[in-house]
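Build me a model from this:
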Amino acid sequence: MNPGWLDPDTERTDKLHEDSTTHNDVESTGALDQGAVTAFPDHAVRAGRVRGGVNALMGRVWAAKWIGAVVAVAGVTSWGTAAGLWTPRGPLTTNQAMLSIAISLCVGAVAGLALRSRWAMLVTPVVFAAVFEAIRRGTDGPTVDGISTSEYGLVALATGRGFHALVSLLPLAFGSLVGVNVARKAARRSVERSHNWWIYLRRSTSVLAAIGLVGFTVMLARPARTRAITDASGNTIVGSVAELRTVDVNGHALAMMIRGHHRDNPVLLFLAGGPGGSEMGAMRKHLPELEKHFTVVTWDQRGSGKSYKELDPTGTYTLAGAIADTVAVTDYLRNRFGKDRVYLLGQSWGTILGVLAVQQRPELFAAFIGTGQMVDPKETDTIIYNDTLAWARAKGNKGLIDDLTKIGPPPYADMLNYETALASEHLVYPYDHSSNSEGAGGFSENIFVSEYALVDQVHLLAGFVDTFSVVYPQLQSIDFRRTATTFDIPMFFVEGAHEAGGRAKPFATWYPMIKAPIKDLAVLDTSGHRPLWEQPDKFVDYMTNTVLARTSGR
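Numbering: from 1, shown residues only. Below is the predicted model of the structure:
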C-alpha cells in the first residue's frame, strides 16, 4: 500500500506521448486557462487529473511561483500573529494545545500545496517563529526572554519555546510535507526509479512522523484525575471527597485538589512553596494518612501548575493580590464545607503567604502550621550566598567562585542568578536523608502523576520560573522579626533538623519573639527543608496529636 499523500515519488513513471483525444477533453471542460495548462506535465493533463475550479486556481498559483510564495507566507504570518496575541506563552491548556496542532497542520498543508517544494517544511516554521516572537515581545519571564544555557535557563527553554515547537512548529512542518506531496501527486510528477532506497527511507520517516504526531496528540488528550478514596476492599468510602476543581478567585480560574475521608472533618488548606510551586503529587502520594483526619485542599496558586494560564497580565500579580486570593479561597472552603475556620498549612514561600494571611484575617483560621518556614528572604539568600562562596573556596571550585563573584550577593533582578547559589544547596548543607520517604524532593514528586495532564506537567516547571520572576522581587523587604510577632491564632511549626542555615538562622531568632494563644515547634530529626514529605508519619502524628488535640475547640 502506498500512502501517496506522504510521498508521491513512488508514483509509476508514465511514458509521455501525444493524445489529441485527451487534449480535446481537457479543453472542452474549460477548467484550465492557458497558464494552468502549461503548469502541469502533459501526461497529467492527458490523464484528466486536473479538472474543476479548484485545480484551475491551483494551476494559476503553481504557474506563477511568486503567487504560491505569497499565499504560503501570508497564511503562516496570519497564524503566527493570531497565536502571538492568543497564546503569547504558547498553548496553556489542553484544548489550546490540540487546537494549535490542528491549525498548524492546516496552515502548513496550504503552504506546502501552494509552494510545491519541500523547502516549505523549513520556511513555514521559520516564518511562524519570527512573527510569533515579534508579536509577543511585551510578555515577560524566563520562558519567553532570551535563551540561557544555565540549568534553569534550559528548563525555561524546554518548557517554553520547546513545548511550543512540539504543538506548532512540528505540525507546521509536517503539514507542509503533506501539502507538498498532495500537490505533486495531483500533478503526477514523474520521477526516476533509480534511487528507490531513498524514496523508501523518506516514506518511512514520514510515516513514523505521522505516528509520533498522533501519539503525542493522544497523550495531550489524557485528562487529569485524582483517584478515589477507597476502603480495604477497593470501594469508595461513603462521604469522602476526591476531586480536581477550578474555582473563580478574584477573576482568575485557579485549580485545586480536594481529598478527604469525610466531608465533616476539619478543612486544611495547603500553600505550596516557590513562588510558582505545585505539590499535588507530593501531597497525595506522601500524606494519605492526613486525609483521614482532614479534608486536605492543595491549591495551585495563580501562575503555578494547573493555574499557570492565569499568570498574565503579570503587572497585576502583586503580593497583596496573593494574600487576597488566599482569603478568597479560604472563604470558598468555609462556605462549601460549612466551617467557621480553616487550618492553614504553608511550606517555604507558602509560609510567607500564610503568615501574612493570618495576620490580615485571623478570624478565618483555626491555626497556622509552617514547615520550612521563611522569615526574611533577602537575609536567607545572602546567608546561602556567603555559605556557598565559602564552600566553593574550601573545595577549590574556581568555576563556582567566579560565577558567584560575577553576580555578587542578592537580591537579583534576573531570577536565573538565584540558581548559581541555590543549585549547590544540597552540597553546601548535606545530610543523610536516605531513610526518608521523599529524599529527592521537588518536581520529581509531581511530574508523573495523574493529577496533571501533559500540559500541566510542562507548566509545573514553566510556572515555577515565570511566577518566581514576578513574585520573588516583591518579597525582598519582608522581615517577620519586624512586622509579624503577635498573632491572634495558634501558631505551629514543623522544621527539619537539617534545614539550610540560610533559613534556619532567621527562624531561630524569630520564633522566640512570637506571641500567640498557642505556640509550638517540632523538629524532625532526619529532615531538611521539606519535613512534611520527608518524614510524613511523624508529620501526621504531630498534626493529629498536637495541632488537632490543642485546637479542637476552635
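
Can you list the low-confidence ranges for the chain?
Residue ranges of the chain with pLDDT under 70: 1-63, 187-195, 197-199, 202, 438-444, 553-554.

Could you pick out the longest helix of it?
helix 196-221 (DSSP state H).

Helix or strand next in line after it, which one?
Next helix or strand after helix 196-221 toward the C-terminus (DSSP states H and E): strand 241-249.

What residues of that following strand count as buried?
241-242, 244, 247, 249 (16 or more other C-beta atoms under 10 Å). C-beta here means a position set from N, CA and C on the backbone, and glycine is covered the same way.

out of those, which one sits closest to Ile369?
For the buried residues of strand 241-249, the residue nearest Ile369 by C-beta to C-beta is Val241; the value is 21.0 Å.

Might you report the residue contacts of Tyr385?
404, 409-410, 421 (C-beta atoms under 8 Å, 6 or more residues apart in numbering).

same thing but 10 Å
404, 407-410, 412, 418, 420-422, 502 (C-beta atoms under 10 Å, 6 or more residues apart in numbering).

For Leu404, see how far away it is.
From Tyr385 across to Leu404, the span is 7 Å (C-beta to C-beta, to the nearest Å).

May I have the residues that are in contact with the nearest residue to Thr351 once chain neighbours are set aside?
In space, and not counting its chain neighbours, Thr351 is closest to Gly370: 4.2 Å by C-beta to C-beta, 6 or more residues apart in numbering. Contacts of Gly370 were listed using C-beta under 10 Å, 6+ apart, and they are 271, 344-348, 350-352, 354-355, 491-495, 507, 511, 521.

cool, Gly146 as well?
Neighbouring residues of Gly146 by C-beta under 10 Å, 6+ apart: 153, 156-157.

do the same with Ala320
Counted by C-beta under 10 Å, 6+ apart, Ala320 has contacts 356, 360, 474.

are any of those residues buried, and which?
So, by 16+ other C-beta under 10 Å, the buried ones in those are Leu356.

circling back: between the buried residues of strand 241-249, which sits nearest Gly175?
Taking the buried residues of strand 241-249 together and measuring to Gly175 by C-beta to C-beta, the closest member is Leu244, at 33.4 Å.

ok, now which ones touch the residue nearest to Thr318 when sequence neighbours are not counted?
The shortest distance from Thr318 to any non-neighbouring residue, by C-beta to C-beta, 6+ apart, is to Gln474 (6.7 Å). Contacts for Gln474 (C-beta under 10 Å, 6+ apart) come out as 275, 317-320, 322, 377.

how about the strands in the stretch 351-500 of the chain?
Secondary structure of the stretch 351-500 of the chain (DSSP state E, counting those that start in this stretch): strands located at 365-371, 491-496.

which of the ones you listed sits most buried?
Sort the strands of the stretch 351-500 of the chain by mean neighbour count, taking mean count of other C-beta atoms under 10 Å, and strand 365-371 sits at the top with a mean of 25.

Note down every partner strand of that strand and its orientation.
strand 342-347 (parallel), strand 491-496 (parallel) (DSSP bridges).

CSV for these, including distance to Leu389?
Formatted as CSV, the strands paired with strand 365-371 follow (distance: least, C-beta to C-beta, whole Å):
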stretch, distance to Leu389
strand 342-347, 27
strand 491-496, 24
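
Is Trp391 in contact with Ala500, as I believe?
No. Trp391 sits out of contact with Ala500 when judged by C-beta atoms under 10 Å, with a separation of 11.9 Å.

Quickly list what's touching both of the two.
With C-beta under 10 Å, 6+ apart as the test, Trp391 and Ala500 both reach 428-429.

Neighbour count for these two, which is higher?
Ala500 (21 against 16; other C-beta atoms under 10 Å).

Quick check, that one in contact with Gln373.
No. With contact defined as C-beta under 10 Å, Ala500 and Gln373 do not form a contacting pair (12.0 Å).

Do me a favour and get the backbone dihedrals for Leu524.
phi -90, psi 130 (degrees, to the nearest 10).

ok, now how distant is it from Leu170?
47 Å.

quick one: which of these two has more around it?
Leu524 (23 against 19).

which residues are in contact with both of Ala500 and Gln373?
Counting by C-beta under 10 Å, 6+ apart, the residues touching both Ala500 and Gln373 are His529.

For the buried residues of strand 241-249, work out which two are farthest apart.
Among the buried residues of strand 241-249, Ala242 and Val249 lie farthest apart (C-beta to C-beta), at 21.1 Å.
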